[in-house]
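> 3D model of this:
(one chain, ligands or ions: 1)
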Amino acid sequence: MLKIVSARDYDDMSRKAANIISAQVILKPDTVLGLATGSTPIGAYRQLIDWYKKGDVDFSQVRTYNLDEYRGLGHDDPQSYHYFMRDNFFDHINIDLNNTHVPDGANPDAEAACAEYDKMVADAGYPDLQLLGIGNNGHIGFNEPDDHFSKGTHCVDLTESTIKANSRLFEREEDVPRQAYTMGVQTIMYARMILVVANGAAKAQAVHDMCFGPVTPQCPASILQLHPNVVLVADKEALSLCE
Ligand code: F6R
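Numbering: from 1, shown residues only. Next up is the predicted model:
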């Protein structure tokens with residue numbers, strides 16, 4: 001069920017992940033992609049941009065739905081995930097920006113923003129392929145360790161560990177928003193294929209628990225053991241506790 005692909009290093013992980021995504025888009029040009037932000041997928045996005053520029057992959061019919069967005073950040077805020085996606089991917093390929101979707105962090109009405117996003121993802125028929133990173137604590141999207149698995153898009157309070165991990169991208173730790181809108185675990189599980197990318201020793205415990213630990217909301221990624229089509233592409237360091 002859960003296939004593990006071992007990569008030599010970050011670049012190898014990125015190319016292998018990009019290969020899987022581009023094969024999906026070549027086979028189904030109007031693919032619905034679920035996308036992630038964070039440091040891990042940047043190399044895969046770069047590789048896809050490169051192949052697009054060489055004429056090998058065409059995004060003109062692709063639709064995308066991102067996992068999450070900080071609550072309270074406008075779409076043009078350089079720290080927002082809207083901005084991140086344009087900067088690292090969308091502005092460099094031939095995707096129609098009207099076909100790209102990220103939860104609306106600028107909408108202070110959390111209930112409305114989340115319900116609207118759930119409806120959009122459902123109307124699109126859910127992702128054919130969902131790309132995921134994994135948090136050091138096993139989170140997926142911003143679904144943090146909890147005593148239950150979440151369902152649809154919802155507003156979350158970020159944990160101290162996630163705020164600390166994400167503060168590297170902000171000038172000061174106080175600047176990291178304390179809340180986010182995130183797709184729920186149930187929505188993530190509706191994707192027909194899930195591609196998880198992970199690199200570095202800091203992810204080793206989470207990667208081990210995701211693949212071999214008990215299925216528990218204390219490690220949200222562990223639910224992926226119950227999905228019929230998951231591929232993990234990880235470098236040696238991230239896989240170091242899996243041998
Ligand atoms: C990002 C997201 C997060 C990250 C995770 C890992 O959209 O949903 O779950 O995938 O925090 O982040 P990095 O890749 O920065 O280690």
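
> helix or strand for residue 78, which one?
For residue 78, there is no enclosing helix or strand under DSSP states H and E.

> For it, which non-adjacent residue is spatially closest?
residue 87 (8.0 Å; CB to CB, 6 or more residues apart in numbering). Every residue, glycine included, has its C-beta placed from N, CA and C.

> Check the secondary structure at the one you found for me.
What DSSP: H, G, I helix; E, B strand; the rest coil gives for residue 87 is helix.

> how near is it to residue 207?
27 Å (CB to CB, to the nearest Å).

> if I pick the spatially most central residue of the chain, what's in contact with it?
Nearest to the geometric centre of the chain sits residue 36, at 2.5 Å (CA atoms, centre = their mean). By CB atoms under 8 Å, 6 or more residues apart in numbering, residue 36 lies in contact with 66-67, 131-133, 141.

> For it, give me the pLDDT.
The score at residue 36 is 98. That number is its pLDDT.

> Same question for the one 4 residues further on.
Predicted confidence (pLDDT) at residue 40: the value is 98.

> Name the nearest residue to it, sequence neighbours excluded.
For residue 40, ignoring the flanking residues on the chain, the nearest one in space by CB to CB, 6+ apart is residue 133 at 4.2 Å.

> so the one you found makes contact with residue 200?
No. Residue 133 is not in contact with residue 200 according to CB atoms under 8 Å; the separation is 11.1 Å.

> dump the residue contacts of residue 132.
By CB under 8 Å, 6+ apart, the residues touching residue 132 are 34, 36, 67, 140-141, 188, 194-197, 221.

> Can you tell me which of these end up in strands?
Within the contacts of residue 132, residues falling in strands by DSSP state E are 34, 194-197.

> out of those residues, who's nearest the ligand?
residue 197 (7.6 Å; CB to the nearest ligand atom).

> who touches stretch 4-17?
Contact partners of stretch 4-17, identified using CB under 8 Å, 6+ apart, comprise 41-44, 46-47, 131, 195, 197-200, 211, 231-236, 239, 242.

> so of those residues, which ones are in strands?
Judged by DSSP E, the contacts of stretch 4-17 include 131, 195, 197-198, 231-235 as members of strands.

> now, which of those sits nearest residue 154?
Lowest distance from residue 154 to the ones in strands among the contacts of stretch 4-17 (CB to CB) belongs to residue 131, with 20.4 Å.

> Run through the bridge partners of that closest one.
Residues in a beta bridge with residue 131, per DSSP bridges, are residue 195.

> correct me, but it touches residue 21?
Yes. Using CB under 8 Å, residue 131 is in contact with residue 21, at 6.9 Å.

> who's more crowded, residue 133 and residue 200?
Legend: neighbour count by other CB atoms under 10 Å for residue 133 and residue 200, higher for residue 133 (20 against 17).

> Now the more buried one: phi and psi?
Phi and psi for residue 133, reported as degrees, to the nearest 10, are phi -100, psi 180.

> could I get the helix or strand that residue 16 is a member of in CSV with only the CA atoms?
Assigned by DSSP H and E, residue 16 belongs to helix 10-27. Provided in CSV are the C-alpha atoms of helix 10-27 (Å, rounded to 0.1, in the frame of the first residue of the first chain):
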residue,chain,number,x,y,z
TYR,A,10,17.6,16.3,-1.7
ASP,A,11,18.1,16.7,-5.4
ASP,A,12,17.5,13.1,-6.1
MET,A,13,14.3,13.2,-4.0
SER,A,14,13.1,16.3,-5.8
ARG,A,15,13.7,14.8,-9.3
LYS,A,16,12.0,11.5,-8.4
ALA,A,17,9.0,13.4,-7.0
ALA,A,18,8.9,15.7,-10.0
ASN,A,19,9.0,12.6,-12.3
ILE,A,20,5.9,11.2,-10.6
ILE,A,21,4.0,14.5,-10.8
SER,A,22,4.9,15.1,-14.5
ALA,A,23,3.9,11.5,-15.4
GLN,A,24,0.5,12.2,-13.8
VAL,A,25,0.1,15.4,-15.8
ILE,A,26,1.3,13.8,-19.0
LEU,A,27,-1.2,10.9,-18.6
